[in-house]
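>>> please work out how this folds:
(one chain, ligands or ions: 1)
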Amino acid sequence: MMLGVWSLLLLWGLVTPCQGLLETVGTLARIDKDELGKAIQNSLVGGPVLQNVLGTVTSVNQGLLGSRGLLGGGGLLSYGGVFGVVEELSGLTFEEVTLPKVSLKLLPEFGVQVTLHTKVGLHGSGPLGGLLQLAAEVNVSSRVALGVSARGTPILILKRCSTLLGHISVLSGVLPAPLFGVVEQTLFKVLPGLLCPMVDSVLGVVNELLGTVLSLVPLGALGSVEFTLATLPLISNQYIELDINPIVKSIAGDIIDFPKPHHPIKVPPKEDHTSQVTVPLYLFNTVFELLQTNGALDLDITPELVPSNVPLTTTDLEALAPEGLRKLPPGQQLLLSLRVKEAPMVTLQNKKATVSIPADIHVLSYLPKGTPEALFELNGVMTLNAQLAPSATRLHLSLSLERLSVKLASPFSHAFDASRLEEWLSDVVRVAYVPKLNVNLDVGIPLPKVLNVNFANAALEIIENAVVLTVAS
Ligand SMILES: *[C@@H]1O[C@H](CO)[C@@H](O)[C@H](O)[C@H]1NC(C)=O
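Numbering: from 1, shown residues only. Next up is the predicted model:
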């Protein structure tokens, strides 16, 4: 496993200089270092990490400084005259580790420097018999590299760890000066072995959170989006950048391959203490293509779907375009069969999101008992305005019809100006089609999961060919 990680890291290292990173069509996540700090802090709170450290401590040291402890025969400090005084501290053990305060420094192009500022409590019996309680401030300082695991997830790997001993205070009892020095030296030797595994445990928890980037998000019953890392994570001094590749698959597992854009997205700079996700136009288009190929954009508009104030009879049609009817009696109901045969086109431009859906509209007479009779066919394009709203896991879309343009489909024996129908058809589409479309759009555009950053309250910005979500840490 370790070997796998390293060979992959090496490979990435070789690939990095020539990769055209901005030619991403991926979902770009820029996670502020505050979020990493929070993730590390949370992994320590209430979790088993600290208890595990103490567990190790108590099991390893049945009397840290005792004769059978580290200072005993063959122990760390079992030399010469010191041994004599150390005997008197028999039974000194670690009793507690204070919840560390985490401070982070990102190391560009490498990883993170993590410092855990904590305190350990030691109990034992003092040289004069009474209870001895000591507290020692200690900083665990570690250098952590950010790489990619064999599974393809971002991973933090501990490269170097050391402890810095701060002030030692005697909380109760008496500790004569010569013994104080011995305690100090002992802690100096023992603490790295005890506290550095804590950093490893913390990284284990955080790596699990980082691993959720690699996820499969269902798109209703239609398919799913699979997120993978597109490139090696980048680290600046304020954030970690993950270029996440969204792969949209149909329920049968086929990849929906929408043509990739030619121009890279110009992602705006990120302010400190905010995290940012950039959702590319490509992902919007791919999700719409998935909807289209599943027939989720098709609808037969029958009179039942249309409120009575919107006309849907031959009489109404005759008033607009009598040429479109073939000697049908007036007052007969109509059926509009709407079929979307090509992928819709989403546009993210000028701070606006629009969706253009090409639709073939078959106009038929609708007889509850008989077979519908085809009257004429139109080629239409619906232009819809998209309202975007984020939730914790998705970017939701709600569409409203801006305009509908139609022309007669095939050369028609009695040609007429189909644009005369546009206003009427727009009304029908607004009341019958758009609400259904919005229900199918409930799948939304999935957002990648990174370190539990919640984008539900994110500020949205529509830029050229992308949507940027920004959330304060
Ligand atoms: C430990 O870290 C804290 C906070 O970063 C700092 O104020 C303190 O001086 C450090 N102590 C030692 C002994 O390095």
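>>> and for the residue in the stretch 351-473 of the chain positioned nearest to the ligand, the neighbour number?
Ranked by Cβ to the nearest ligand atom, the top residue of the stretch 351-473 of the chain for proximity to the ligand is Ser473, at 19.2 Å. Just so you know, the C-beta spots here come from the backbone N, C-alpha and C atoms, and that holds for glycine as well. For Ser473, the count of nearby residues is 15 (other Cβ atoms under 10 Å).
>>> so where does the closest residue to it other than its chain neighbours fall, helix or strand?
Leaving aside its chain neighbours, Ser473 sits nearest to Asp34 (3.6 Å; criterion: Cβ to Cβ, 6 or more residues apart in numbering). Element membership for Asp34 (DSSP states H and E) is helix 33-44.
>>> name the helices or strands packed onto that helix?
Judged by 3 or more Cβ pairs under 8 Å, 6 or more residues apart in numbering; DSSP states H and E, helix 33-44 is in contact with strand 101-107, strand 111-125, helix 177-211, strand 239-250.
>>> can you lay out the ones you listed as CSV showing distance to the ligand and mean pLDDT?
Formatted as CSV, the helices and strands packed on helix 33-44 follow (distance: least, Cβ to the nearest ligand atom, whole Å; pLDDT from 0 to 100):
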stretch, distance to the ligand, mean pLDDT
strand 101-107, 5, 95
strand 111-125, 4, 90
helix 177-211, 11, 89
strand 239-250, 21, 93
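>>> quick check: angle from the helix holding Asp34 to strand 239-250?
Going by axes from the mean of the first three to the mean of the last three Cα atoms, to 10 degrees, helix 33-44 is angled at 80 degrees with respect to strand 239-250.
>>> let me see the ranges of the helices in this structure.
Under the criterion DSSP state H, the chain carries helices at the ranges 2-15, 33-44, 49-60, 82-87, 177-211, 281-293, 314-320, 422-428, 434-440.
>>> Lys341 and Gly324, how far apart?
Counting by Cβ to Cβ, to the nearest Å, the separation of Lys341 from Gly324 is 22 Å.
>>> looking at these two, which one has more neighbours?
Taking neighbours as other Cβ under 10 Å, Lys341 and Gly324 compare with Gly324 leading, 22 against 11.
>>> hmm, the more buried one is touching Phe376, no?
Yes: using Cβ atoms under 8 Å, Gly324 makes contact with Phe376 at a distance of 5.2 Å.
>>> what is in contact with these two at once?
Val363 (Cβ atoms under 8 Å, 6 or more residues apart in numbering).
>>> re the thing from before, can you add distance to Gly444 and mean neighbour count and give the helices and strands packed on helix 33-44 back as JSON lines?
Shown next, in JSON lines, are the helices and strands packed on helix 33-44 (distance: least, Cβ to Cβ, whole Å; neighbours: other Cβ atoms under 10 Å):
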{"stretch": "strand 101-107", "distance to Gly444": "32", "mean neighbour count": "15"}
{"stretch": "strand 111-125", "distance to Gly444": "32", "mean neighbour count": "20"}
{"stretch": "helix 177-211", "distance to Gly444": "22", "mean neighbour count": "18"}
{"stretch": "strand 239-250", "distance to Gly444": "13", "mean neighbour count": "21"}
